[in-house]
Each structure stands twice: as structure tokens, then as C-alpha cells.
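>>> the sequence and its predicted three-dimensional model are supplied below.
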Amino acid sequence: MSWFSEIELGPPVEVFALIKAYNEDNFEQKVNLSVGAYRTAEGKPWLLPVVKEASIKLVNDATLNKEYLPILGLESFSNAATNLLLGVDSPAIIEKRAFGVHSLSGTGSLRVGAEFLARVLGKKIFYYSKPTWENHILLFKNAGFEEGREYRYWDNNTRSLDFDGMIQDLRNAPTGSVIILHAVAHNPTGIDPTVEQWDQIANVVKERRLFPFFDCAYQGFASGDVAKDAYSVRRFASLGFEFFCAQSFAKNFGLYNERVGNLTVVVNNPSVIPAIKSHLTIIVRGMYSNPPAHGARIVEAVLRDPVMYEKWQDHIKTMSSRIIEMRKELRRSLEHLGTPGEWNHLTEHIGMFSYTGLTESQVERMIRNHHVYMLRSGRISMAGLNPSNVYYVAKSIHETIL
Ligand code: PMP
């Protein structure tokens, strides 16, 4: 009799299950549109040349070693990351009201922030967009939140933002609730609020005294411009909000498996920072003690060195423009085929993902009959498209819908 014999199988994590199924599929024209990872026009993962360059420099740097980092991580990295997010001229930075905690990619940064909010501030309710990146729910619950509630976001009829629904739901949120906001390139829908809408969201957050927790996984990756992609966060900072923001360097540096992230904390008075840091220290100590250094050293080196920084800017332009081009190409192909429905949303959405509007049974057919792997919600990753497979994908969508 095993201690474990009573345990039943847990539900699979959809995206990882799809990657496995795709890898095991022998069909020649198979396409993987499930995972949110960049692929080149040849369908290959891309090690950014500047990341390789920085990595080689680090390996050859005799002053570096593999000693433990402090519990809150590499401070030169978290400072550089915080500056990248808020902009060096941000009042929050000038007035020393912002700091960063180097953590384990976007997920780890969200988790550290959520643990703090639940365990130290006693927060109980969090709000997430309907739909959202599904890990938000698991992660906030595991961090100690009692209840997750949805706010409306996607309108399937118009294939755009249900802004009135969103505002109404936020207005009805109990004071003190934590609200998760996607800073840019909403996952999974690809639709973001406009500049005016962000101000209206800010008004409700202020009126209802909600706590904003931004999730910024795609800075620079969405438009190719790091300042433009940080608009929402910078706007909240300039309006004087206190907030958290989890930054991921998985996509914009292609450092998926190095787990490089930063939890940026913005407060309205520097005097509260030492106590916050002390509790964050206890939280991290109890979870993973301290973060790994290599990936963070790469990001820090690139952000600090003007020549490498320029190269990185070029890389994010390469990645974002290829994705934008694929959005256009998929739309063009569907319109060319005369596929029923409107496809303009594909080019209006931004970032890595779009909702196709395909139903769950249509997605099943896309996978079974056409070997095109995508989430059952109908989300596709544009990065999985390339000039050799985009027409095949369009034709598969066409045949599935007809
Ligand atoms: N938030 C969102 C919205 C994401 O799409 C992702 C990546 N899929 C993350 C956070 C975090 O990813 P990671 O932990 O790999 O940085």
C-alpha cells in the first residue's frame, strides 16, 4: 500500500499538454499555435544575438562566481528593470517611491506580490479579466486569496472589448479588492483598452479604492517600443497610484527558461518601503530563498550598455514586426478564401495572441483533422505562423468553419 495510492490524476495544464501532443504528432504540415513563444520565419526558436553576446561576456568574466544572491535578488538588475518599466524620469523613481524585487520570471513575481497582498495586507478578493491568462487564478488562490471574481472583458459578438461591462464590474467590486490588469498585449484576447479607457479605469480604481496589480509580460514585444508598451503602468504612476507590477523577461529577451522577472512596487511615500521589503524578504525566504543569477545578469548587462541596448531594441522590432506581418497575412488569406465572418480583429489586436472566435468543437476539429494545435478557447499564438504555414492555417480555419 503506497501513501499515494488514493491520489487521482489532476487536470492537465492545457498548453503544456498541447505542446506534448504536437511533438508526438508525425503529420508533416502540423502547426503549433498554442505556446506563447516566439518563432522565426523558419518556425524555429530564436536565441537573441545580444543575449548570446552578453552571455558569453558573463561566462568569461573572472570576477563573477556562483555565490548566493541576496534574498530579494540582484539589485542592479531590479533597478534597471524598474527603470525600464517606469521610465527614468518617472516621479516615482525620482522621489524614491519605487523599487524592484528580482524574482522568477513573470509567474514568480506575480506569486511573490500576491503572497504579500494576501498574507501581509490580508487581501481576500482578487479580480481578473474574463478571460485571462489561466494561471492568474491558480496562482492567486495558491498565494492565499479566498476568492477570485471575473470582470467582463471580451465581447464575442463584436470581437472587441466589453468596456462598459468591465467598468460596471469594477464599480461593483468591494473596496480593497485586488484587480489584475494586463499592462499591454492582453493574453489571451490581444485587445487592450485605449488611452482614454485607461483613464476611466483609473477613475474607478481610485473611486472604489481597488489595488491595481499589473501584469507586464510583453513590454516592447507588442509594438516594438518599450515606452509605448508601458503606457498603462506609467500613466497609473503619474496619477499617483500605489501598485504592484510583475515584469517578465521571457518574451522580450527570449529568456523563457532562465526565469528572469521583477516585481516592481510603487508606493506614495518612501518611508513605508523598509517594512514592505522586510516582509517580501520573509515571503521569498520561505518559497525559494533567493533567485538564480545568470539570466538577470544578462538582462542587466543589456539594459546598462548603450550599444547592446540598441541591438536589443532592433531585436524586439524584428520580433514584433514579424508578428504584425503574420496578423496581416492570416487576415488576407482568410478574406481571400472568403471564409465566413469578419477578420479585421486579427490586425486590430496586438501582441502575441488573438482570439479567433472558433468554438471549442471547431478547435477540436482544427487539431484532429488539420493538426493545427491551439487552445480550446480559440486563442492562437501569432508567433507560430510563418510564410510557409499561414495559408495552410487559413485553409484549415476555412474548412472548419464551413
Ligand atoms: N502573464 C501573462 C499574461 C503571460 O502571458 C505570461 C506568459 N505566458 C506570464 C504572465 C508569465 O510568464 P513567465 O512566468 O514565463 O514570465
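That came in fine, so what should we check first? Numbering: from 1, shown residues only.

>>> pretty sure Glu95 contacts Asn269?
No - using C-beta atoms under 8 Å, Glu95 is not in contact with Asn269, being 9.1 Å away. The way it works is simple: take the backbone N, C-alpha and C, and place the C-beta from them, glycine included.

>>> tell me the secondary structure for the nearest residue in space to Arg379 that is not next to it in sequence?
Nearest residue to Arg379, sequence neighbours excluded (C-beta to C-beta, 6 or more residues apart in numbering): Pro188, at 3.9 Å. Under the three-state scheme (DSSP: H, G, I helix; E, B strand; the rest coil), Pro188 adopts coil.

>>> one more: Gly113?
Strictly by three-state DSSP, Gly113 counts as helix.

>>> what do you get for the one 10 residues further on?
Secondary structure of Lys123, reduced to three states by three-state DSSP: coil.

>>> residue contacts, it?
Contacts for Lys123 (C-beta atoms under 8 Å, 6 or more residues apart in numbering) come out as 117, 145, 176-178, 211.

>>> before we move on, back to that, how many neighbours does the residue nearest to Arg379 have?
Neighbours of Pro188 under the rule other C-beta atoms under 10 Å: 24.

>>> now do the buried residues in the helix or strand bottoming out on mean pLDDT in the chain.
None of the helices or strands of the chain scores lower by mean pLDDT, DSSP states H and E than strand 353-355, at a mean of 90. The neighbour-count check on strand 353-355 (16 or more other C-beta atoms under 10 Å) flags 353-355 as buried.

>>> also stretch 287-303?
For stretch 287-303, a neighbour-count test (16+ other C-beta under 10 Å) marks 290-293, 295-303 as buried.

>>> go on, stretch 252-268?
Along stretch 252-268, these residues count as buried under the neighbour rule (16+ other C-beta under 10 Å): 252-256, 258-267.

>>> sketch out the low-pLDDT regions of the stretch 301-402 of the chain for me.
Counting by pLDDT under 70, the stretch 301-402 of the chain shows no low-confidence range.

>>> which parts of it are strands?
Secondary structure of the stretch 301-402 of the chain (DSSP state E, counting those that start in this stretch): strands at 353-355, 372-373, 379-381.

>>> which of the ones you listed sits closest to the ligand?
Among the strands of the stretch 301-402 of the chain, strand 353-355 comes nearest to the ligand, with 7.9 Å by C-beta to the nearest ligand atom.

>>> close to the ligand, is the closest one?
No - in terms of C-beta under 6 Å from any ligand atom, no part of strand 353-355 sits within range of the ligand; the closest distance is 7.9 Å.

>>> pairing partners for that strand, with directions?
Applying DSSP bridges to the sheet, strand 353-355 is found paired with strand 379-381 (antiparallel).

>>> outside of the partner strand itself, list whatever touches it.
With contacts defined as C-beta under 8 Å, 6+ apart, strand 379-381 is touched by 33-37, 188-189, 352-356, 374.

>>> among the residues you listed, find me the one that's closest to the ligand.
Proximity to the ligand was ranked across the contacts of strand 379-381 by C-beta to the nearest ligand atom; first place goes to Gly36, at 4.5 Å.

>>> for the closest one, the count of nearby residues, please.
Gly36: 21 surrounding residues under other C-beta under 10 Å.

>>> my guess is it contacts Phe221. True?
No - taking contacts as C-beta under 8 Å, Gly36 lies outside contact range of Phe221: 10.1 Å.

>>> which neighbours do the two share?
Shared contacts of Gly36 and Phe221 (C-beta under 8 Å, 6+ apart): 251, 352.

>>> which residues in the stretch 151-300 of the chain form strands?
Counting by DSSP E, counting those that start in this stretch, the stretch 151-300 of the chain has strands at residues 154-155, 160-161, 178-182, 211-216, 243-248, 260-266.
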